[in-house]
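> Dropping the sequence and predicted coords here.
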Amino acid sequence: MARFVLRRLVRGAVALLLFQTLIFALVQALPYDFSAFFIVSPSLRAFIREELGLDRPLWEQYARWMWGFVRLDLGRSFLYWPAPVSRVILSRLPRTLLLFLPAAVLAYLFGIWLGKEIAWRRGGMLEVGASLFSVAAYTSFAPWLGFVLLNVFGWYLRWLPYQRLVNPNVWFNAPVTVDRVLIGLLGTGGGLFAGGLGLWWATRRITDPLLRRAARIGGLTALGVAAWMGWNASGIGPLAADVLAHLVLPLGTVFLLSFGETMMTMRAAMLDSLREDYVLTARAKGLPGRVIRDRHVARNAILPVLARLALSLPFVLVGSLVVERVFMWHAMGQALFDAIEFQDIPVILGILSVVGVLVLLAHIVLDVLYAWLDPRVRYPRGE
Amino acid sequence: MAAMVGVRRAWKQRMAAWQRRWGTEVGLFLRQPLALIGLALIGVFGLMALAHPVLMATVWNRARFDPIVGYDASQTPHPHPPTPQHLLGTDGFGRDVLSQLLVGTRVSFGVGLIAAAVAVLLSVLLGGTAGYFGGWADAALMGVADVFVLMPPPVVLLIFGLLLRLNWPMVALSYGVLSGLGAQAVVVKSHTLVLRNRSFIEAARLAGGGHFHILRKHILPGLMPLLAAHAVFTVVGAVLTESLLSFFSRTTYYLSWGSMIWMGQQSFRWFTLEGQWHVILPPAFALMGFCSAFYLVGRALDEVFNPRLRRV
């Protein structure tokens, strides 16, 4: 197992270095010169080029970029000179995470649940309806879907605030910054998620189904109440509520865009494992349908869904970057589009590297998880 | 005469063989209601793409109905809601929305088909070779795939497409290259590996079949179902990515559904907030319908060719 992990890590590192070289080459091939933005005298332009390091020979720029990347230094942004790229990206990270993580988690949970249900009751109207709806949501155009939700719920019905991160009237003279509240909310969300998982783990040995369900619901309620009371006591509860109200529409958009794929994968995986012999055995033993569905079939069907999750993560990320743009949720998406508009090459390279590293990590975690769960993967032919 | 009869018989036999080989699959495919919906939608979009040149040549006045430079001075102000003359109304520049919609269909078909063809070709070349030959070829080619896996096509194309202002054939080509050399090559490789270790390949090799013969006659047909499903999903991804690009590139270098939606939203922002839905809804629903149709067909193909998904 250790050997497998090590080999995978080395392969990943080599791929990452090649990837860095490739994106550097691609960006260098762009017909752009940042100093051409300024209408200044040639001598001043030469000074700008020298200041930004654009006058160095290509190999030196390349060596500097690669060496910087190895030291986790992505250079300095042209647009926010002299702020380092890592700060430009990191300062916007909490906002993107607050949108992306809950949406992704909710979409996966809902997709898995719905896929399980429609695979179990195959061939009904529920299946056709759920499939059509989820495919329509999955293939709808992200900016348009956001625009429709914004108009319907924000403009016509006026149920929810639309556009921007917060309401300035609520935040007038606020004692804390928006990002601090966002990080607090992220922490709360993470805590609730971890608490829920822990609760599920702690109560899984309770045999009486009624008691188990009561314990789970009671525990979740207690967690929720505790979080709510904590925010109330902190004195910035209304500010957090304002952020959450602004979060609903973009989060709903990303959720609608991404649950369909999980649902379809889960459905196919369920149908796949429904044909296994152990399902027949379980039926012959006289186990109730719910137990067969949840404990025997769904548990084995999760594996391919996990594999799919890692592959579809970048697509969900793009969806949320675009949705951020539509809802003027100033975060990574804003940084990305600004960088494109002003040809801020270091930030573009930085965002590409971050995406590359995230995808690589997802793949490595997935491969290791697979190898851990399924020994056939660990020992390739002839070993 | 005798030769004619022979030709006809050969044709009939070929049909019968085809029926024997694929009859069950076609039957299974046609029995799924969602697959039929998808096929019908694709047919409708095909007719739409064909209809535009015909309508322009016969019914529509070029000055008024041209999708890019047309202008109707008889109906103001623009954007104008639907009328008998302009069935879907006009956009902010006074251009007919229906005419634009039909031209956009052509772009979407072009993008989808180019991207799918390129992706299938590259993934077979890379993944098939790596899986079949193994050893050094595998290590080298999968090294390439490892790098391209890190470049998810939507992210990379969003950045480079906007920077370079790519037009749609280039977007399609790049999408095909990125997905064909990346994730798809990995999947094709693992399937080739499974196929290569089957006994009929060994039999073919013992019978004296060369590598090229085995690849063409035994491996490739085995990969076909997988490739078909992947091609269809590539169409969906490529069309959505192209729409994002033409939506965000703001200036209309070429006409497609994405840039139409952008135009429609501009009319919302700057003129009035109500009553302009006719500009934005047709391209948005067309895009949704187009991608859903291909997605449903791909899912149905998967269900047919993956024996473990067949109905018990």
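Happy to help now that I have it.
> neighbours around the single nearest residue of the stretch 51-200 of chain A relative to chain B, how many?
The stretch 51-200 of chain A approaches chain B most closely through residue A:139 (3.5 Å), counting by CB to the nearest CB. C-betas here are computed from N, CA, C, even on glycine. Neighbours of residue A:139 under the rule other CB atoms under 10 Å in any protein chain shown: 23.
> That one touches residue B:284, doesn't it?
No: if you go by CB atoms under 8 Å, residue A:139 and residue B:284 don't touch, sitting 10.9 Å apart.
> residues touching the residue of the stretch 51-200 of chain A closest to chain B, list them.
A:260, B:236, B:240, B:287-288, B:291-292, B:295 (CB atoms under 8 Å, 6 or more residues apart in numbering or on different chains).
> make it 10 Å
A:257, A:260, B:236-237, B:239-240, B:287-296 (CB atoms under 10 Å, 6 or more residues apart in numbering or on different chains).
> Return the subset of those residues lying in helices.
Using DSSP state H, the subset of those located in helices is A:257, A:260, B:236-237, B:239-240, B:287-296.
> Which one (most neighbours) among these?
Result: residue B:239 is most packed of these (other CB under 10 Å), 30 neighbours.
> these two touch, right, it and residue B:233?
No: using CB atoms under 10 Å, residue B:239 is not in contact with residue B:233, being 11.0 Å away.
> Pull the number of nearby residues for residue B:200.
Around residue B:200 there are 11 residues (other CB under 10 Å).
> Just give the nearest non-adjacent residue to it, would you?
Nearest residue to residue B:200, sequence neighbours excluded (CB to CB, 6 or more residues apart in numbering or on different chains): residue B:218, at 6.6 Å.
> What ranges does the stretch 201-312 of chain B have for its helices?
With DSSP state H, counting those that start in this stretch as the criterion, the stretch 201-312 of chain B has helices at B:211-214, B:220-248, B:257-270, B:277-305.
> Out of those, the one nearest chain A is which?
helix B:277-305 (3.5 Å).
> do the closest one and chain A meet?
Yes: remark: helix B:277-305 sits within contact range of chain A at B:277, B:280-281, B:283-296, B:298-299, B:302-303, by CB under 10 Å from any CB of the partner chain.
> Would you map out the domains in chain A?
A:2-70, A:93-382 (automatic domain parsing).
> These: which one's closest to residue B:226?
domain A:93-382 (13.7 Å; CB to CB).
> ok so, going back, setting the sequence-adjacent residues aside, check what's closest to the residue of the stretch 51-200 of chain A closest to chain B.
Spatial nearest neighbour of residue A:139, excluding adjacent residues (CB to CB, 6+ apart): residue B:291 at 3.5 Å.
> Find residues that contact each of residue B:239 and residue B:233.
Counting by CB under 10 Å, 6+ apart, the shared contacts of residue B:239 and residue B:233 are residue B:294.
> returning to what we had before: let me know the closest of the contacts of residue A:139 to residue B:112.
residue B:239 (5.1 Å).
> Now do the contacts for the closest one.
A:139, A:141, B:107-112, B:115, B:168, B:171-172, B:175, B:256-258, B:287, B:290-291, B:294.
> what do you get for residue B:238?
Taking CB under 10 Å, 6+ apart as the test, what residue B:238 contacts is B:108, B:111-116, B:118-119, B:153-154, B:157, B:168, B:171-176, B:178-179, B:291, B:294.
> Equivalent analysis for residue B:89, please.
Residue B:89 sits in contact with B:75, B:78-83, B:96-98, B:276-279, B:282, where contact means CB under 10 Å, 6+ apart.
> any chance of the helices of the stretch 201-312 of chain B in JSON lines, plus mean pLDDT and distance to residue A:294?
Shown next, in JSON lines, are these (pLDDT from 0 to 100; distance: least, CB to CB, whole Å):
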{"stretch": "helix B:211-214", "mean pLDDT": "86", "distance to residue A:294": "45"}
{"stretch": "helix B:220-248", "mean pLDDT": "88", "distance to residue A:294": "29"}
{"stretch": "helix B:257-270", "mean pLDDT": "78", "distance to residue A:294": "42"}
{"stretch": "helix B:277-305", "mean pLDDT": "89", "distance to residue A:294": "24"}
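> could you dump the ones you listed to CSV with distance to residue B:53?
Shown next, in CSV, are the helices of the stretch 201-312 of chain B (distance: least, CB to CB, whole Å):
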stretch, distance to residue B:53
helix B:211-214, 42
helix B:220-248, 21
helix B:257-270, 18
helix B:277-305, 18
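> The residue nearest to residue B:200 reaches residue B:204, doesn't it?
Yes: applying CB under 10 Å as the test, residue B:218 and residue B:204 come out as touching, 5.6 Å apart.
> count of residues packed around residue B:190?
Considering only other CB under 10 Å, residue B:190 is surrounded by 14 other residues.
> Just to check, it is in contact with residue B:128?
No: under the criterion of CB under 10 Å, residue B:190 makes no contact with residue B:128, lying 11.2 Å away.
> any weak-confidence spans in chain A?
In the predicted model, chain A carries pLDDT under 70 at residues A:374-383.
> Name only those of the contacts of residue B:238 that count as buried.
B:108, B:111-116, B:118-119, B:153-154, B:157, B:168, B:171-176, B:178-179, B:291, B:294 (16 or more other CB atoms under 10 Å in any protein chain shown).
> Out of those, list just those in helices.
Using DSSP H, the buried ones among the contacts of residue B:238 in helices are B:108, B:111-116, B:118-119, B:153-154, B:157, B:168, B:171-176, B:178-179, B:291, B:294.
> May I have the residues that are in contact with residue A:202?
A:215-216, A:219 are the contacts of residue A:202 under CB under 10 Å, 6+ apart.
> circling back to that earlier point, out of the contacts of residue A:139, which one sits closest to residue B:133?
Out of those, the member with the shortest distance to residue B:133 (by CB to CB) is residue B:237, at 29.1 Å.
> Make sure the closest one is actually in contact with residue B:291.
Yes: in this structure residue B:237 lies within contact range of residue B:291 using CB under 10 Å: 8.8 Å.
> Common neighbours of these two, please.
The contact lists of residue B:237 and residue B:291 share A:139, B:112, where a contact means CB under 10 Å, 6+ apart.
> and residue A:184, what does it touch?
Applying CB under 10 Å, 6+ apart, the residues contacting residue A:184 are A:94, A:176, A:230-231, A:234, A:236, A:239-240, A:243.
> tell me the phi and psi of it?
In terms of degrees, to the nearest 10, the main-chain angles of residue A:184 are phi -60, psi -40.
> same check, this time on residue B:182
The phi/psi pair for residue B:182 (degrees, to the nearest 10) is phi -100, psi -110.
> Please report how far residue B:85 lies from residue B:61.
10 Å (CB to CB, to the nearest Å).
> More neighbours: which of these two?
residue B:85 (14 against 10).
> I figured the more buried one hits residue B:72, correct?
Yes: with contacts counted by CB under 10 Å, residue B:85 reaches residue B:72, the gap being 7.7 Å.
> Would you mind listing the residues touching both of the two?
What both residue B:85 and residue B:72 touch, as defined by CB under 10 Å, 6+ apart, is the set B:64-65, B:96.
> Tabulate these (CSV), appending neighbour count, distance to residue B:195 and pLDDT.
Listed next are these as CSV, based on neighbours: other CB atoms under 10 Å in any protein chain shown; distance: CB to CB, whole Å; pLDDT from 0 to 100:
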residue, neighbour count, distance to residue B:195, pLDDT
B:64, 19, 57, 81
B:65, 21, 52, 84
B:96, 24, 52, 87
